[in-house]
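Visitor: Okay, here's the prediction I keep looking at, along with the sequence it came from:
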Amino acid sequence: MSTQRENNTRTSAFVRGLSPWCVVVGGVVVVGLSLVLPALLRSVGMGPVTATSVCMIVLTLLIGRYAPVLGLYPTRMPVSVGAPDAMLVSAAVLGGAFLWWAGAIVARLLVSDERNATQPESTDPYLLTLLFILVIAPVTEEILYRGLLQGALNGIFPVVISLTLTTVIFAAVHPRPRDMILAGAIGLLAGVLREVSGTMMMPILVHIAMNTASWLIPAAVVSHLAHSPAAFPVLILLGGAVVIAAVVLALRAPTLSRRLRSPDRPAGSDAQRGE
């Protein structure tokens with residue numbers, strides 16, 4: 001037991017000596033690996049969904065093992081008793097669904113179908129593809145981008161800058177123009193929720209909600225709505241719903257404005273203070 005305590009103390013001392021820039025570089029390297037490794041596995045015949053799932057799960061497990069020691073994950077709970085805040089969760093999930101609808105309509109107005117050519121049919125099992133869309137991708141991407149990358153950037157920049165950088169990077173790694181727009185919407189909302197709630201649960205939940213909406217609603221329905229006369233009235237309604245959800249989120253997090261103006265505490269400080 002004492003040996004484990006000594007090891008933890010040694011690790012904390014090492015972490016405190018790390019430059020925040022070293023942590024950021026490490027985060028960027030992991031993001032790069034999440035893009036390169038699946039391509040290598042696909043080159044040897046593994047299906048795209050299988051390759052991406054394997055790499056993202058492995059990287060997520062590694063992040064889950066080491067990132068908390070670096071103090072990158074938010075640790076505050078939405079309420080003092082430690083239970084999820086029902087209003088916060090509802091506003092996030094509904095706001096995420098409305099934002100997906102609005103983003104999907106805008107994406108189809110800005111990007112023609114020709115620029116989003118149909119991708120080749122996947123050789124992966126359908127159930128694995130479904131699991132990837134609804135669970136694996138939301139959980140692993142949030143831990144990788146909002147947990148590791150945004151947490152690392154928070155140690156150097158004010159939260160509003162680290163949130164912007166993380167959102168831009170997350171959108172940029174999605175190759176199709178239409179996907180970039182939707183990824184930017186997801187990334188922005190998830191990043192804000194990370195800071196609003198102080199937990200990783202909220203961005204993961206909203207990402208699952210948005211991916212579920214994209215799976216349940218056929219692309220043809222969204223395209224038809226985007227090019228119909230009802231597109232702009234619907235966008236106004238959706239925008240109003242997103243604004244209402246944002247107001248609820250802001251009211252549930254009165255300290256958000258202060259957190260958006262200043263950098264987080266240095267890596268490892270949470271572990272130091274026992275928070």
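Guide: That came in fine, so what should we check first? Being a predicted model, the structure only gives us computed values, none of them experimental.
Visitor: Can you read off the backbone torsions of Phe157?
Guide: Taking degrees, to the nearest 10, you get phi -110, psi 160 for the backbone angles of Phe157.
Visitor: give me the number of residues near it?
Guide: Using other CB atoms under 10 Å, Phe157 has 17 neighbouring residues. In short, each C-beta sits where N, CA and C put it, glycine included.
Visitor: Roughly how far does it sit from Pro175?
Guide: 27 Å (CB to CB, to the nearest Å).
Visitor: swap in Gly239?
Guide: From Gly239 to Pro175 the distance is 27 Å (CB to CB).
Visitor: Mind pulling up the pLDDT for His207?
Guide: If you check His207, the pLDDT there is 93.
Visitor: hmm, who's touching the helix or strand that contains it?
Guide: Element membership for His207, per DSSP states H and E: helix 201-216. Helix 201-216 has contacts (CB atoms under 8 Å, 6 or more residues apart in numbering) with 78, 84, 88-89, 92-93, 95-97, 99-101, 104, 130, 133-135, 137-139, 141-143, 146, 182, 185-186, 189-191, 193-194, 196.
Visitor: State the next helix or strand along the chain beyond that helix.
Guide: Beyond helix 201-216 on the C-terminal side, the first helix or strand identified by DSSP H and E is helix 219-226.
Visitor: Just the C-alpha atoms of that following helix, please, in CSV.
Guide: The C-alpha trace of helix 219-226 is given here as CSV (Å, rounded to 0.1, in the frame of the first residue of the first chain):
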residue,chain,number,x,y,z
ALA,A,219,-31.1,12.3,-45.2
ALA,A,220,-33.7,12.6,-47.9
VAL,A,221,-36.1,14.2,-45.4
VAL,A,222,-33.6,16.8,-44.3
SER,A,223,-32.7,17.6,-47.9
HIS,A,224,-36.4,18.0,-48.9
LEU,A,225,-37.0,20.3,-45.9
ALA,A,226,-33.8,22.3,-46.7
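Visitor: average pLDDT across it?
Guide: Per-region confidence: helix 219-226 scores 88 on mean pLDDT.
Visitor: Then stretch 53-72?
Guide: 85.
Visitor: Kindly report the same for stretch 184-200.
Guide: Per-residue pLDDT over stretch 184-200 has a mean of 87.
Visitor: same thing with stretch 107-122?
Guide: 65.
Visitor: With adjacent residues omitted, what lies nearest to Ala104?
Guide: Distances taken as CB to CB, 6 or more residues apart in numbering put Val222 closest to Ala104, at 4.7 Å, once the chain neighbours are dropped.
Visitor: gap between that neighbour and Ala213?
Guide: 10 Å.
Visitor: same question, Leu188
Guide: Taking CB to CB, one finds Leu188 at 16 Å from Ala213.
Visitor: which one is Ala92 nearest to, not counting chain neighbours?
Guide: Excluding the flanking residues, the one nearest Ala92 by CB to CB, 6+ apart is Val206, at 4.8 Å.
Visitor: if I look at the one you found, how far off is Met180?
Guide: Relative to Met180, and taking CB to CB, Val206 is found at 18 Å.
Visitor: Is there a neighbour count for the residue nearest to Ala104? I'd like the number.
Guide: 18.
Visitor: what's the answer for the one 3 residues further on, then?
Guide: One way to gauge burial is a neighbour count; for Leu225, by other CB under 10 Å, it gives 17.
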